[in-house]
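Asker: Please find the sequence and the predicted model below.
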Amino acid sequence: AQEQEVASTEQDVNVSAGTNVEVKFKKPLEGSIAREYSYPKPQAMSDGSSRNIRGIDIKASVGTEVKSAAVGEVKEVSSKVEEGSYVVIAHANGLYTKYCNLSKDIRVNVGDKVTEETVIGTVGNSSKIFTNDEFGEHLNIQVQDVNGKDLNPTTYFTFN
């Protein structure tokens, strides 16, 4: 897959436009894949357990700025034990991007309109299950369709 970019002049977005609208994603930060997408197939952990990996982990130092992958609207800002602090953004093609393991210093709010230049937060160490100890400092990024089905992020992004 080739990295795709979106024009930053598109400020207004109709996130309910449907799947016929093409939205191109830009990498939210520079880095390489620390952990591949495996959902729904469980991936073995170093402690002998197995876990489903929704999304991919991108190697990045704590404090690295994370940008939205495309024009969209912030739909959720929250925190869970597994994913840590996270942001969900809806895009015009019916896809959602989810940015997990952010620091608690999230820079957007629900309802905010964003572009691919909008810094939504920084890489953190907020996930209490998928810790930086095992996978190194990272951002977990997920892509879901309008029905919440997990999709392989490498279909939409190219990382080294």
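Answerer: Here it is on my side, so go on.

Asker: hey, which strand is longest across the protein?
Answerer: For the chain, the longest strand by residue count, based on DSSP state E, is strand 72-80.

Asker: Report all helices and strands that that one contacts.
Answerer: Contacts defined by 3 or more C-beta pairs under 8 Å, 6 or more residues apart in numbering; DSSP states H and E place strand 72-80 against strand 84-90, strand 113-114. Quick note: C-beta positions are derived from backbone N, CA and C, even for glycine.

Asker: Walk me through which strands the helix or strand just after the last one pairs with, and which way each runs.
Answerer: Taking DSSP states H and E as the definition, the helix or strand that follows strand 113-114 towards the C-terminus is strand 119-122. Using DSSP bridges, the strands paired with strand 119-122 are strand 65-67 (antiparallel).

Asker: Give the buried residues for the strand it pairs with.
Answerer: Buried residues in strand 65-67, defined by neighbour count with 16 or more other C-beta atoms under 10 Å: Val66, Lys67.

Asker: Centre of the chain to it, how far?
Answerer: Mean C-alpha position of strand 65-67 versus that of the full chain (C-alpha atoms, centre = their mean, to the nearest Å) differs by 10 Å.

Asker: hmm, who's touching that strand?
Answerer: With contact meaning C-beta atoms under 8 Å, 6 or more residues apart in numbering, strand 65-67 is reached by 26, 28-29, 60, 99, 102, 116-123, 139.

Asker: Take the helices and strands packed on strand 72-80 and write them to a markdown table, including mean pLDDT.
Answerer: Converted to a markdown table, these look like this (pLDDT from 0 to 100):
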| stretch | mean pLDDT |
| --- | --- |
| strand 84-90 | 96 |
| strand 113-114 | 98 |
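
Asker: Nothing else from me, thank you.
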